[in-house]
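K.L.:
requesting a structural model of the entry that follows:
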Amino acid sequence: MKTTKRKQITDLPFLNLFEATYEHEGKEGKWTYASRSTSKPKECDAVMVVGIVMKDTPKIVLIKQYRVPVGEYIIEFPAGLLDKDETIEVAAKREFEEETGMKIKEIKNVSPPTFNSAGITDETVAMVFASVEGEPSTELNESSEDIEILVLDKNQLLELIKDEQIKWSAKAWMYCGFFSNF
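P.N.:
Numbers count the residues shown, from 1 in each chain. As a prediction, this is how the structure comes out:
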């Protein structure tokens, strides 16, 4: 299977639709998808920070943010797009501080760019695992953001995970489920 053509359908600042033509076993097909790129997919579009406060009891930093496509608040990790020519590490520090008011103390690990939902988008995100510090604040949030910061220990996280009314990003639920079981 191979992609033979890629045509941009929309021309918007942050996200566009593309139609790809692909060939598989001698037959041609079409696939429409969303992309943050206007040409070839970039190496990395966004960062997500899994921040842990390492004081007496380790606590994980999450945000509860209103997401327009979902029409509800969801629990997720602080995240955002890389600016032009910005490294993953610099973007992680900037986005984490903008969304939580807290600072990354030490980056422990950075994933390679991973795909969020490869059936509908070519968007990639690097996951940054870091020890963090500071007091939560929404003072640096952008005007389009409606964020509540959650700094939770294992027991608080277990309670949140049990609440079936809570909406989660897939990555946050997966990591928090893992974190809460140790």
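K.L.:
in this protein, which helix or strand is least confident?
P.N.:
helix 170-180 (a mean of 85; mean pLDDT, DSSP states H and E).
K.L.:
who's in contact with it?
P.N.:
48, 50, 60, 62, 75-77, 127, 154, 157-158, 160-161, 168 (CB atoms under 8 Å, 6 or more residues apart in numbering). (Each C-beta comes from the backbone N, C-alpha and C, glycine too.)
K.L.:
can you select the buried ones among those residues for me in PyMOL?
P.N.:
Only the buried entries of these go into this PyMOL selection, using 16 or more other CB atoms under 10 Å:
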select buried, resi 48+50+60+62+75+76+77+127+154+157+160+161+168
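K.L.:
from the contacts of helix 170-180, which land in helices?
P.N.:
Counting by DSSP state H, the part of those found in helices is Lys154, Leu157, Leu158, Leu160, Ile161.
K.L.:
pLDDT and distance to Phe18 added to the residues you listed, as CSV?
P.N.:
Output for these, formatted as CSV (pLDDT from 0 to 100; distance: CB to CB, whole Å):
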residue, pLDDT, distance to Phe18
Lys154, 90, 43
Leu157, 93, 38
Leu158, 91, 42
Leu160, 92, 37
Ile161, 91, 36
